[in-house]
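J.: need a 3D model of the sequence below.
(2 chains)
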Amino acid sequence: MEVRVANVRKEFERFPALHDVSLDIKSGELIALLGPSGSGKTTLLRLIAGLERPTRGKIFFGDEDASQKSIQERNVGFVFQHYALFRHMTVADNIGFGLKVRHGAARPSGQEIRRRALELLDLVQLSGLEKRYPAQLSGGQRQRVALARAMAIEPKVLLLDEPFGALDAQVRRELRRWLREIHDRTGHTTVFVTHDQEEALELADRVVVMSQGRIEQVGTADDIYDTPNSPFVYSFIGESSSLPVKVENGEVWIADRPIGLQAPHAPPGEAVLHFRPHDVDLLDGCSGCIAGTVAASRRVAGTRRVELEVGGERRRVEIELPVDHPAAQKSRVAFRPRRWKLFPAS
Amino acid sequence: MTTAPAKAGWRFRQPSVIPGFGLTLGFSLAYLTLIILIPLSGLVWRSAALGWTDFWAIAVDRRTLNALKISFGTAFLAAVVNVVFGTLVAWVLVRYRFPGRRIVDAMVDLPFALPTAVAGIALTTLYAPNGWIGHLLMPLGIKVAYTPLGIVIALVFIGLPFVVRTVQPIMEELDKEVEEAAATLGASRFQIITRVLFPGLAPAIVTGFSLAFARGVGEYGSVIFIAGNLPFKSEIAPLLIVIRLEEYNYEAATAIAAIMLALSFLMLLVVNLVQTWSRKRYG
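T.: Numbers count the residues shown, from 1 in each chain, chains lettered A, B, ... in the order given. This next block holds a predicted model:
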């Protein structure tokens, strides 16, 4: 099922949590909403589920306007960070709940409900645990039950709110791979919220980066990582260094020297240069480069990170050096970013 | 996560590394003995002096039986009423924010604090045939004061806070997400309450019921004013005990007391077993 969010605004007691957000989700897609806390990602997910009502704007499931429908009518599967399982029901009863509360002809027979529950339990690899109570399961197992419960109602969309947030790192990685498998097998349109960029980039077909109630960028992991379109995305995804610069005559300048980067389309004046610490060329001589003195250096796995003080203002930037580079404290290093982007000075 | 069921038999669980287990257990046992066990065994001892035939004669005496029936029956009814409306009151206090909520919240405790005799006199004045409420009920043929119905009303008043105060904290801990989960799965509001929320509250409601019931069985002060105290009709067992005491018939008084004790203990034991069973199940 396609999901279309059209110009949605959400206010909580006059405080805007989402400003005019629009998003198209394709049928069968696995989408991540990624952002720091307070970015509005969970609010957007809850709006799609119908757990909140938009202040303005509409949400479509296919061609149907879902914003007028109640939560019960929307038929979405929602998985909560803290599982929200029914404590007094067995695992099988938890999974069958959504079918059991249906009315009339829509309600399958008890036997059929049980069969479906066992089938889903098998899908989430928890066969044999149907008689357990949630209190008798580990966190990872509980989240699998929660997912099976959400899938039992054959939802139009599967929504997951920080599904692995309460689990430890090992289980997280395992479940991440497993969720991808389940998605590929069942083909549900799936939206999940996370603040973990590794999780988002690894798992999702497309990532929606959000900040302060707005969507900053939507794209594949490659788009987001290689061509961030805002300073926020640059600094939020992966690592980045930035320097205040000046644009004159289509060239980038630091203080009174051009650094050998051509920017023919950038408007002249103050700007901020962003680049990735590992995306730099080291230079020997310096005619048109950024040069700085090493202020600090640390070993990071296979490379060495150094902090350079650049120019008279001693702005610090981080770049990556090969481990065998002879840079010592106070020595001078010259480099030029290989891949970079200019943003207007704020 | 699962705690292995304890091995059968009487064994101390490994005490924690923090010292003081022996001291605190010793103190607790000594204290309970002093405060509860000695007086109660005195009671049993005294009634045992009566001999089995005399004891049985008092036990099956029609007046005794009626008094016990009224005491336990009215306490049961009042506890049932309190379970329904006390849960409702707790729900309103927990779920809604309205002006004066804190005052209502504080009001719930008044039956705890008010001298029970005062409550009894106030209720009698209200429900007497010429009282504010009594004169409205009179034409309908409903007599409250000086009937078992009056006893039930007094016990409802006395028992309300027990239910509200046991259910309220559990209700506050109910996870909002669990309700939301049920709603996304298609459950209606009514289904959410009956299938998801209520089962979670049931243990607390049972506790509230047993407390209100136990309190009602033992209540004396408020009831004697509103009951009218007609033997066989509206005479409660605690009053019968007092009457026997005033007749210097200590044996009969202690015998009735011992019977009440046994019945109450049995009821509370059953309630506790139900609790343990549900706790084992739901963790």
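J.: contact residues of chain A facing chain B?
T.: Within reach of chain B by C-beta under 8 Å from any C-beta of the partner chain, chain A has these residues: A:49-51, A:71-72, A:74-78, A:80, A:82, A:84-88, A:97-98, A:101-102, A:133-138, A:146, A:149-150, A:152-153. The C-beta positions use only the backbone N, C-alpha and C, and glycine is treated the same way.
J.: drop anything exposed from those.
T.: Using 16 or more other C-beta atoms under 10 Å in any protein chain shown as the burial test, the residues of chain A next to chain B include A:49-51, A:71-72, A:74-78, A:80, A:82, A:84-88, A:97-98, A:101-102, A:133-134, A:136-137, A:146, A:149-150, A:152-153 as buried.
J.: of the residues you listed, which belong to helices?
T.: Among those, the members falling in helices (DSSP state H) are A:49, A:71-72, A:74, A:97-98, A:146, A:149-150, A:152.
J.: residue A:341: which element?
T.: Take DSSP states H and E as the rule and residue A:341 turns out to sit in strand A:340-344.
J.: residue B:136 now?
T.: helix B:134-137.
J.: wait, a strand at residue A:242?
T.: Yes: using DSSP: H, G, I helix; E, B strand; the rest coil, the assignment for residue A:242 is a strand.
J.: neighbours around it, how many?
T.: Look at residue A:242: counted by other C-beta atoms under 10 Å in any protein chain shown, it has 17 neighbours.
J.: got the contact list for it?
T.: Contacts for residue A:242 (C-beta atoms under 8 Å, 6 or more residues apart in numbering or on different chains) come out as A:231, A:234-235, A:272-275, A:317.
J.: narrow those residues to just the buried residues.
T.: Among the contacts of residue A:242, the ones that count as buried by 16+ other C-beta under 10 Å are A:231, A:234, A:272-275, A:317.
J.: would you turn those residues into JSON lines with pLDDT and secondary structure?
T.: What follows is the buried ones among the contacts of residue A:242, written out as JSON lines (pLDDT from 0 to 100; DSSP: H, G, I helix; E, B strand; the rest coil):
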{"residue": "A:231", "pLDDT": "91", "secondary structure": "helix"}
{"residue": "A:234", "pLDDT": "90", "secondary structure": "helix"}
{"residue": "A:272", "pLDDT": "91", "secondary structure": "strand"}
{"residue": "A:273", "pLDDT": "91", "secondary structure": "strand"}
{"residue": "A:274", "pLDDT": "91", "secondary structure": "strand"}
{"residue": "A:275", "pLDDT": "92", "secondary structure": "strand"}
{"residue": "A:317", "pLDDT": "90", "secondary structure": "strand"}
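J.: can you name the two of these that are farthest apart?
T.: In the buried ones among the contacts of residue A:242, two members sit farther apart than any others by C-beta to C-beta. They are A:231 and A:317, at 14.6 Å.
J.: give me the pLDDT for whatever residue of the stretch 51-200 of chain B ends up closest to chain A.
T.: Residue nearest to chain A within the stretch 51-200 of chain B (C-beta to the nearest C-beta): residue B:185, separated by 3.5 Å. You'll see residue B:185 listed with a pLDDT of 94.
J.: residues near it, how many?
T.: Using other C-beta under 10 Å, the number of residues around residue B:185 comes to 30.
J.: residues touching it, list them.
T.: Applying C-beta under 8 Å, 6+ apart, the residues contacting residue B:185 are A:97-98, A:101, A:149-150, A:152-153.
J.: tell me the one of those residues nearest residue B:28?
T.: residue A:97 (43.2 Å).
J.: right, and the closest one touches residue A:150 too?
T.: No: with contact defined as C-beta atoms under 8 Å, residue A:97 does not reach residue A:150; the gap is 10.5 Å.
J.: next one: stretch B:88-98 to chain centre, how far?
T.: Stretch B:88-98 has its C-alpha centroid displaced from the chain centroid by 22 Å (C-alpha atoms, centre = their mean, to the nearest Å).
J.: no no, stretch A:203-213
T.: 4 Å.
J.: quick check: end-to-end length of that stretch?
T.: 23 Å (C-alpha to C-alpha, to the nearest Å).
J.: ok, back up a step: quick check: the residue of the stretch 51-200 of chain B closest to chain A vs residue A:71, distance?
T.: 9 Å (C-beta to C-beta, to the nearest Å).
J.: then residue A:178?
T.: Taking C-beta to C-beta, one finds residue A:178 at 27 Å from residue A:71.
J.: in what helix or strand does residue A:181 lie?
T.: Here residue A:181 is assigned to helix A:169-186, by DSSP H and E.
J.: let me know the secondary structure of residue A:39.
T.: Once three-state DSSP is applied, residue A:39 turns out coil.
J.: and the residue nearest to it when sequence neighbours are not counted, how many neighbours does it have?
T.: In space, residue A:39 comes closest to residue A:210 once its chain neighbours are excluded; the distance is 4.2 Å by C-beta to C-beta, 6 or more residues apart in numbering or on different chains. Neighbour count for residue A:210, taken as other C-beta under 10 Å: 28.
J.: what do you get for the one 3 residues further on?
T.: In terms of burial, residue A:213 registers 22 neighbours under the definition other C-beta under 10 Å.
J.: my read: it touches residue A:15, true?
T.: No: between residue A:213 and residue A:15 there is no contact, the gap being 9.6 Å when judged by C-beta under 8 Å.
J.: name the helix or strand for residue 271, please.
T.: Since you didn't name a chain, this refers to chain A. Assessed by DSSP H and E, residue A:271 sits inside strand A:269-275.
J.: nope, chain B
T.: Going by DSSP H and E, residue B:271 is part of helix B:250-282.
J.: what does residue B:152 give?
T.: helix B:148-173.
J.: and that helix, does that touch chain A?
T.: No: Helix B:148-173 lies apart from chain A when judged by C-beta under 8 Å from any C-beta; the minimum separation is 11.4 Å.
J.: next, the buried residues of that helix.
T.: Buried positions in helix B:148-173, judged by neighbour count with 16+ other C-beta under 10 Å: B:148-168, B:170-171.
J.: stretch A:179-188 now?
T.: Within stretch A:179-188, the residues scored as buried using 16+ other C-beta under 10 Å are A:179-180, A:182-183, A:188.
J.: closest one to residue A:287 out of those residues, please.
T.: Checking those against residue A:287 with C-beta to C-beta, the nearest one is residue A:180 at 49.1 Å.
J.: give me the distance between the closest one and chain B.
T.: Distance, residue A:180 to chain B, using C-beta to the nearest C-beta, to the nearest Å: 23 Å.
J.: who's in contact with that residue?
T.: Listed by C-beta under 8 Å, 6+ apart, the contact set of residue A:180 reads A:30, A:203.
J.: check it and give its pLDDT.
T.: As predicted, residue A:180 sits at a pLDDT of 91.
J.: ok, the one 5 residues further on next?
T.: At residue A:185, the pLDDT value in this model is 89.
J.: got a list of what the closest residue to it other than its chain neighbours touches?
T.: Once flanking residues are discounted, residue A:185 sits nearest to residue A:123: 7.8 Å by C-beta to C-beta, 6+ apart. Neighbour list for residue A:123: A:148, A:151, A:182, A:185-186 [criterion: C-beta under 8 Å, 6+ apart].
J.: which among these gets closest to residue A:322?
T.: The closest of the contacts of residue A:123 to residue A:322 turns out to be residue A:182 (C-beta to C-beta; 41.6 Å).
J.: please, where are all the helices along chain A?
T.: Taking DSSP H, the helices of chain A run over residues A:41-49, A:71-74, A:91-100, A:110-123, A:139-152, A:169-186, A:197-203, A:221-226, A:231-236.
J.: residue A:29 - how many residues pack around it?
T.: With other C-beta under 10 Å as criterion, residue A:29 counts 18.
J.: go on, the one 3 residues further on?
T.: Residue crowding around residue A:32 was assessed by other C-beta under 10 Å; the count is 27.
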